[in-house]
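1. got a sequence here, can you model it:
(2 chains)
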Amino acid sequence: MQLDDLVENFEFLDDWEERYRLLIDLGRQLPELPAEAQIEENRVEGCTSNVWLIHEVEPGHPPRLVFRADSDAFIVKGLIAIILMAYSGRTPEEIQTTDIKGLFEKLGLEHQLTPNRRNGFFAMVERIREIAAKEAA
Amino acid sequence: MSFAEPLQTAAGGLDVQAVRRQFPVLDQQVNGHPLVYLDNGATAQKPEAVIEAEARCYREYYANIHRGVHALSQRSTAAFEAVRGKVQRLLNAPQEKEIIFTRGTTEGINLVAYSYLRPKLQPGDEILITAMEHHSNIVPWQILCEQTGAKLVVIPISDAGEISLDDVEDRIGPRTRFVGVVHVSNALGTINPVKEIVELAHRQDVPVLVDGAQSVPHMPVDVQDLGCDFFVFSGHKLYGPTGTGVLWGRYELLRAMPPWHGGGDMIRSVTFEKTEFADPPARFEAGTPNIAGVIALGEAVDWFLGLGPSAVAAHEADLLGYATERLRAIPGLRLIGTARERAGLISFVMDDAHPHDIGTILDGYGIAVRAGHHCAQPVMQRYGVPATARASFGVYNTRDEIDRLAEGILKVRELFGG
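-> Numbering: from 1, shown residues only, chains lettered A, B, ... in the order given. I've put the predicted structure just below:
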């Protein structure tokens, strides 16, 4: 699913329960990270749920960043699916200029991006931005 | 609203609806539903009397304590010091001067670790704790072990979440220097046989600290009956302000302890050659404390004693029994912590949903529970779960709210395809 379709789908649903149902489905469809990638080194700090994030640089002019991620919680997996749609396969510059907050507002999920060091999902977004900043430098 | 509204029913039980009306925060909608607050183990809400006591201090008589001859300072000092007597009554402590104000349970444990125990430790000495401690009753001791070469010894827990006194006895040896034990587990709800543990430890002259963070708000506590040497709890879990807590210690132990923090208000005399320290409790209360917070903590203690700790315990035992019954009936739900003696909370996992998922969906229905490792990661490891969902009760919770919780969990099950 592309981002535009996703936003359209979400806008169609005014009930939070339906939105979460969709989010859970997105999470179910997210390809699992192999167990060997679910290691401490790839874990993003969080206390309510675990998030693992890996990335590759696709060479090119400019290079593109491909992200893969997973979580043990379905709702978080769904959020990861959205984040990957927005960020994965993009150039570092595109990542840095993506309005992720605006996207989550459109989806009615902005509260999920509350800065909270206990929230592995928020930490994952931060880490993607750090990786993009490093690659852009 | 009248603070004088009676909180007991004619039959002598708690009038929970009257209690609820004293908590302004409970009267709100969350995500379109009336708030069901079941995260009291993390922190409890505040009654009007406590909010008002803190505000009144700032409005009417706030000043620094122990320092001024002026009227406001005298009033603040008197109000602050009066709280020691209230806490003494709460804990049935022998003496008022044994009550030390802290920022919370964590600070109390660290104070005892650094001031009491560290100077006594030699390489090979042992500190005994249980496998159900909160990180705040693990990490301070681990740091001491690293610094001194002492060893942390852990009493295991059964599948139900209980420790055995035989295990305790076996592990108290000639090198045991200290026992730290949680009164009520924040992750499992287990009430530990603290009195018996103290007896075993004292036979070998080993002192015991009891972490009462999750017991004081839920039951009568009597430190003389428990027989322990140190007892700590947090004000914010007892319907008092954040940033307040208490360390109680036997006076002869406190008097022999060096200060932990140096500064103002804890000295008798200071020259550049030598400083004479004040006696406890002042010795352990360096710097300006949370004056208005401690004063409001006193109000919380009075309020709680007014309800009656036994009446609170009876009400919450009813909620716990009812919640256990309702949740056990939900297919695919497993309770974590099924000890015979439990208080205050119910911890669970589900086959189809991660605790984070459970917490998120329940929030959609206005139900606040905690999802996570509860700062007790070794407990999670013991049960092979990454986290649990936890509903923890306060005196204002009702059976109707337990029904809402159970309905919410059924919705979770439906959403995640149970």
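2. who are the packing partners of the top helix by length along chain A?
-> Counting residues, the longest helix in chain A under DSSP state H turns out to be helix A:120-136. Applying 3 or more C-beta pairs under 8 Å, 6 or more residues apart in numbering or on different chains; DSSP states H and E, one finds that helix A:120-136 contacts strand A:43-44, strand A:51-58, strand A:64-71, helix A:74-87, helix A:92-97. Glycine gets a C-beta too; all of them are placed from N, C-alpha and C.
3. residues near B:Pro289, how many?
-> With neighbours defined by other C-beta atoms under 10 Å in any protein chain shown, the count for B:Pro289 comes to 19.
4. ditto for B:Gln95
-> The number of residues near B:Gln95, taken as other C-beta under 10 Å, comes to 13.
5. that one against B:Gln88, yeah?
-> Yes - using C-beta atoms under 8 Å, B:Gln95 is in contact with B:Gln88, at 7.2 Å.
6. how is chain B carved up into domains?
-> B:16-45+B:308-416, B:52-306 (automatic domain parsing).
7. now these in CSV, please, with extra columns for distance to chain A.
-> Output for the domains of chain B, formatted as CSV (distance: least, C-beta to the nearest C-beta, whole Å):
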stretch, distance to chain A
domain B:16-45+B:308-416, 4
domain B:52-306, 11
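8. output the ones you listed in a markdown table; the columns should cover mean pLDDT and distance to A:Val44.
-> As requested, these are exported to a markdown table (pLDDT from 0 to 100; distance: least, C-beta to C-beta, whole Å):
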| stretch | mean pLDDT | distance to A:Val44 |
| --- | --- | --- |
| domain B:16-45+B:308-416 | 96 | 13 |
| domain B:52-306 | 96 | 20 |
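9. if we can go back for a sec, out of the helices and strands packed on helix A:120-136, which gets nearest to B:Val246?
-> Across the helices and strands packed on helix A:120-136, B:Val246 has its closest neighbour in strand A:43-44 (37.0 Å, C-beta to C-beta).
10. so the closest one, near chain B or not?
-> No - residues of strand A:43-44 are not located near chain B by C-beta under 8 Å from any C-beta of the partner chain, the shortest gap being 11.4 Å.
11. contacts for that strand?
-> Here strand A:43-44 makes contact (C-beta atoms under 8 Å, 6 or more residues apart in numbering or on different chains) with A:50-53, A:120, A:123-124, A:127.
12. by neighbours, which of these wins?
-> Going by other C-beta under 10 Å, A:Gly120 tops those with 27 neighbours.
13. how close does B:Thr288 get to B:Met266?
-> Distance, B:Thr288 to B:Met266, using C-beta to C-beta, to the nearest Å: 11 Å.
14. thinking again about what came up before, which of the residues in the longest helix of chain A are buried?
-> A:120-125, A:127-129, A:131-132, A:135 (16 or more other C-beta atoms under 10 Å in any protein chain shown).
15. same list, those residues, but as TSV with distance to B:Arg328 and pLDDT please.
-> Formatted as TSV, these follow (distance: C-beta to C-beta, whole Å; pLDDT from 0 to 100):
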residue	distance to B:Arg328	pLDDT
A:Gly120	30	72
A:Phe121	32	76
A:Phe122	35	79
A:Ala123	35	83
A:Met124	36	87
A:Val125	39	87
A:Arg127	40	90
A:Ile128	42	93
A:Arg129	45	91
A:Ile131	46	93
A:Ala132	48	93
A:Glu135	52	87
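16. from those residues, which is closest to A:Glu40?
-> Closest to A:Glu40, out of all of these and judged by C-beta to C-beta, is A:Gly120, at 13.3 Å.
17. for chain B, what spans make up the helices?
-> B:16-21, B:48-56, B:71-91, B:105-111, B:139-148, B:165-171, B:194-203, B:223-226, B:251-256, B:291-307, B:309-328, B:355-364, B:377-383, B:399-415.
18. to A:Ala37, which of the helices and strands packed on helix A:120-136 lies closest?
-> strand A:51-58 (5.4 Å).
19. quick one: strands adjacent to the closest one?
-> strand A:43-44 (antiparallel), strand A:64-71 (antiparallel) (DSSP bridges).
20. and the contacts of the last one?
-> When contacts are defined by C-beta under 8 Å, 6+ apart, strand A:64-71 is touched by residues A:27, A:30-33, A:37-38, A:49-58, A:77, A:80, A:83-84, A:87-92, A:95, A:120-121, A:124, A:128, A:131-132, A:135.
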